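Participant: Let's see this in three dimensions:
(one chain, ligands or ions: 2)
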Amino acid sequence: MGELKNDIQFLPGVGPKRAALIKRELGINTLDELLHFYPFRYIDRSTIVPISSISPDVAYVQIKARVVSRNLINIKHLSVIVDDGTGTLELVFFKGVKWTWERLEPGREFIFFGKPQLFNGKLNIVHPEVDAPQDGPLSKGVLTGVYPSTEKLKSGGITGKVMCKLQSSALALCLQEIGETLPEPIIRTHGLCPLPYAIKNIHFPDDMRALELATRRLKFEELFFLQLSLLKQRYVRSSAENGIPMPRVGAAFHACYNALPYALTGAQQRVIKEIRADLSSGHQMNRLLQGDVGSGKTMVAVLSCLIAVGNGYQACIMAPTEVLAQQHFANIQKYLAPTGVSCALLTGSTSRKDRRPLLAGLASGTLDIIVGTHALIEDTVQYHALGLAVIDEQHRFGVDQRASLWNKGKGSVPPHILVMTATPIPRTLAMTLYGDLDVSVIDEMPPGRKPVQTMLIGENRLPAMYRFIREQIALGRQAFVVYPMIFINEKMEDVSNVEQGYEDILRAFPLEEGYKVAIVHGQQNTETKAFNMQAFVEGRANILVSTTVIEVGVDVPNASVMVIMSAQRFGLSQLHQLRGRVGRGAEKSYCILVRDPKTGAEALRRLELMCSTEDGFEIAEQDMKMRGPGDLEGTQQSGLPVTLNIASLAKDGLLLEEARHCAQGVLDKDPGLEQPQNASLVRELRKDKYNIKDYSNIS
Ligand code: ADP
Ligand code: MG
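Facilitator: Ligands and ions are numbered 1, 2, ... in the order given. The predicted structure is shown next:
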């Protein structure tokens, strides 16, 4: 007993040197960790294929063939020709040449196993495994696991075969000791196999069915504990009596509401009600507001802030970029005009002179609402009584930044938090990324939004596109032309691309003919950026050439054309965001995706999907399926709360829902996980791998 916690160096065939290598390369220290290091695929060694059927695109093949000839090309290169009656194949050896030459006598038959590849137009296998037919692997079990590996591991002697051996020794030592982590009723209800069976069969499956059972059990396990941990956090948070009570709606809310030039959509009304209920509940609100571009999230944010103000608190709205913060500020001021509520803008470029009275106003409480960038969470910014923090476009902020807002509350009571995102996040991912948040969705667009016609063109059709834009400009419309943002390093944006594009556009739309073209990119100083942006917003410029600095939020209802250059370089969600910049006015709008000549098939498929749907959630789902959640836009910055070992958010959505539902059921019956049958859950949750950052403890 107690083997599971033992260091891997004591496993037969490991020792301190190899243990250090495995620790460095795979982060595996104990036998327990080793046993939770799973194969990422399996090789079926139950079948022998004829040589004539081999193609270079199969990963591994096993053949049974007779040696025809062996040819020692030099002392480090042996070529062997084998024949199985259906055809011949070359086998190549660069190591163990002498030994192999002696063993592979012409006329003798062997089982060879390896990866076929095309070399100089001919198939061969380099370094196949060689077994005599009688003691061949056929008797050893049919599915062999292949483990993730690195060059350093292989050259340090930890080959695939060695890894299998280590797993086998670890299993022999520990299998008895592996206990059940899930209560019996859960195992029964969800048709799961026992954990020891799963661990044994994930490494050495008895057959395909056993492997499926093992995989499902381990995926469920992983997703279940992840969800249990997230939901428990949420439970702890919502049951704690530490939210600022905001029982009133207040006069400012009504003044703003009554002066609105339009009626709120049903979805906006519903979400505001949800937020109202949170704010008056006495618990802290932690709500994610999802809504497609143009769905009217700003209004919801403003009305929420006014509830805070109506209860004697301050509110802040934080945007990811300077341009966006400015635009929010301008919009919000309009909405606030009838209310008499004070509002100011604070960004990194606010001068020291302007900053002083502003900080004083925040500290004394004379300033009600502050709009800004990351500058809002700097240490020097002290609030008199911050009651609500709205974070726009959450995916651009790290989770740590979200947490730092918690410290800005009054005393030990954190402000309410409303996170808004326009990136439609697939349900499965939202459940994990934001598993600790309540989610509201604005799933209805304000009336009058026209569909955007999307087309994909090659560069050869640029002249036609220019003609089309001229027609639109003649109708009084404006156009965006967006270039991908390319970085030299983390901070420096390479703007040669967009500057070159600017010159092309200037040539096609010359000033002499009355065209005005503005350019915005990340290398400009704030004033230039704001000036050029403003020229476009106010309609003085016909065309705005830019990088994705305009990606989110910028509102120019008169713009009817969105051109996206080198569109294949953008992620789908990002393209969707950009397209959402048009179609906001009453006119018909267009999105033109321009692809580079060398666009690959995969990228083309993505661009064609863009042309076929405007549904942000469908696009997000597809994006995740095509690229995997790790690559999903924005998620890299905020990061998954934990790394998944075997389950996949993209592929195991149904199982994730099942696991979440199950975890919720457990917590509904036993919120504190205090009942004896849940003791194993508590033990398991304490493990590091489920140690999700818990922001409910930060105050
Ligand atoms: P987003 O969700 O992308 O932040 P905005 O809040 O910027 O969307 O709203 C997009 C546009 O729709 C703005 O011009 C806003 O004034 C307008 N809008 C918002 N709500 C409504 C509504 N209920 N009816 C009509 N227009 C609305
Ligand atoms: Mg917005």
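Participant: longest single strand anywhere in this structure?
Facilitator: Longest strand of the chain, by residue count under DSSP state E: strand 61-74.
Participant: From the contact counts, what lies against it?
Facilitator: If you count contacts as 3 or more C-beta pairs under 8 Å, 6 or more residues apart in numbering; DSSP states H and E, strand 61-74 packs onto strand 77-83, strand 88-93, helix 97-103, strand 109-114. Where C-beta positions appear, they are placed from N, C-alpha and C, glycine not excepted.
Participant: L376 contacts C316, doesn't it?
Facilitator: Yes - if you go by C-beta atoms under 8 Å, L376 and C316 touch, sitting 5.3 Å apart.
Participant: Common neighbours of the two, please.
Facilitator: Shared contacts of L376 and C316 (C-beta atoms under 8 Å, 6 or more residues apart in numbering): I370.
Participant: in the stretch 301-450 of the chain, what residue is nearest ligand 1?
Facilitator: P446 (3.4 Å; C-beta to the nearest ligand atom).
Participant: Now do the contacts for that residue.
Facilitator: 262, 265, 294-296.
Participant: which ones are touching the closest residue to S546 other than its chain neighbours?
Facilitator: Nearest residue to S546 in three dimensions, chain neighbours excluded: V520, at 4.2 Å (C-beta to C-beta, 6 or more residues apart in numbering). Going by C-beta under 8 Å, 6+ apart, V520 touches 323, 529, 532-533, 536, 544-547, 549-550.
Participant: and the helix ranked longest in the chain, what does it pack onto?
Facilitator: Among the segments of the chain that qualify as a helix by DSSP state H, the longest is helix 208-239. Here helix 208-239 touches helix 195-203, helix 427-433, helix 653-669, helix 679-685, going by 3+ C-beta pairs under 8 Å, 6+ apart.
Participant: Mind doing that once more with 10 Å?
Facilitator: When contacts are defined as 3 or more C-beta pairs under 10 Å, 6 or more residues apart in numbering; DSSP states H and E, helix 208-239 packs onto strand 41-44, strand 143-146, helix 184-189, helix 195-203, strand 286-291, helix 427-433, helix 653-669, helix 679-685.
Participant: from these, which stretch is densest packed?
Facilitator: strand 286-291 (a mean of 23; mean count of other C-beta atoms under 10 Å).
Participant: buried set for stretch 594-608?
Facilitator: Buried positions in stretch 594-608, judged by neighbour count with 16 or more other C-beta atoms under 10 Å: 594-595, 599, 603, 606-607.
Participant: interface residues of this structure facing ligand 1?
Facilitator: 262, 264-265, 268, 291, 293-299, 422, 446, 553, 555, 584 (C-beta under 6 Å from any ligand atom).
Participant: can you do 5 Å?
Facilitator: With C-beta under 5 Å from any ligand atom as the criterion, the chain comes near ligand 1 at residues 262, 264-265, 291, 293-299, 446.
Participant: Filter those residues down to just the ones in helices.
Facilitator: Those of the residues of the chain next to ligand 1 lying in helices (DSSP H): 297-299.
Participant: give me the number of residues near K408?
Facilitator: For K408, the neighbour count with other C-beta atoms under 10 Å is 18.
Participant: Can you classify it by secondary structure?
Facilitator: coil (DSSP: H, G, I helix; E, B strand; the rest coil).
Participant: ok, the residue found closest to it once you drop the neighbours it is linked to in the chain - contacts?
Facilitator: The shortest distance from K408 to any non-neighbouring residue, by C-beta to C-beta, 6+ apart, is to L386 (4.9 Å). Contact analysis of L386 by C-beta atoms under 10 Å, 6 or more residues apart in numbering lists 244, 308, 313-316, 362, 370, 376, 405, 407-410, 413-416.
Participant: which of those residues are buried?
Facilitator: 244, 308, 313-316, 362, 370, 376, 405, 408-409, 413-416.
Participant: Confidence-wise, which of those comes last?
Facilitator: Within the buried ones among the contacts of L386, G409 has the lowest pLDDT, namely 68.
Participant: neighbours of the closest residue to D83 other than its chain neighbours, just the number please.
Facilitator: Using C-beta to C-beta, 6+ apart and skipping the chain neighbours, the partner closest in space to D83 is V68 (4.9 Å). V68 has 13 neighbours, counted by other C-beta under 10 Å.
Participant: helix, strand or coil for S573?
Facilitator: Per three-state DSSP, S573 ends up helix.
Participant: shouldn't it be in contact with L429?
Facilitator: No - S573 is beyond contact range of L429, at 11.2 Å (criterion: C-beta atoms under 10 Å).
Participant: mind listing what the closest residue to P447 other than its chain neighbours touches?
Facilitator: Distances taken as C-beta to C-beta, 6+ apart place T265 nearest to P447, at 7.7 Å, with adjacent residues excluded. By C-beta under 10 Å, 6+ apart, the contact set of T265 is 271, 295-296, 299, 442-447.
Participant: would CSV of these with pLDDT be doable?
Facilitator: Converted to CSV, the contacts of T265 look like this (pLDDT from 0 to 100):
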residue, pLDDT
V271, 96
S295, 88
G296, 91
M299, 94
I442, 89
D443, 84
E444, 86
M445, 85
P446, 87
P447, 85
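Participant: Going by distance to R108, which of those wins?
Facilitator: Of all the contacts of T265, R108 sits closest to D443, with 69.7 Å by C-beta to C-beta.
Participant: And for the closest one, the neighbour number?
Facilitator: 16.
Participant: And the strands in the stretch 351-500 of the chain?
Facilitator: 369-372, 386-392, 416-421, 438-442, 452-458, 478-482, 486-487, 493-494 (DSSP state E, counting those that start in this stretch).
Participant: likewise the stretch 501-650 of the chain?
Facilitator: 517-520, 543-546, 559-564, 589-595.
Participant: Show the average pLDDT along the longest one.
Facilitator: It refers to strand 589-595. Here the average pLDDT along strand 589-595 is 96.
Participant: That one pairs with which strands, and in what direction?
Facilitator: Sheet pairing of strand 589-595 (DSSP bridges) gives strand 452-458 (parallel), strand 559-564 (parallel).
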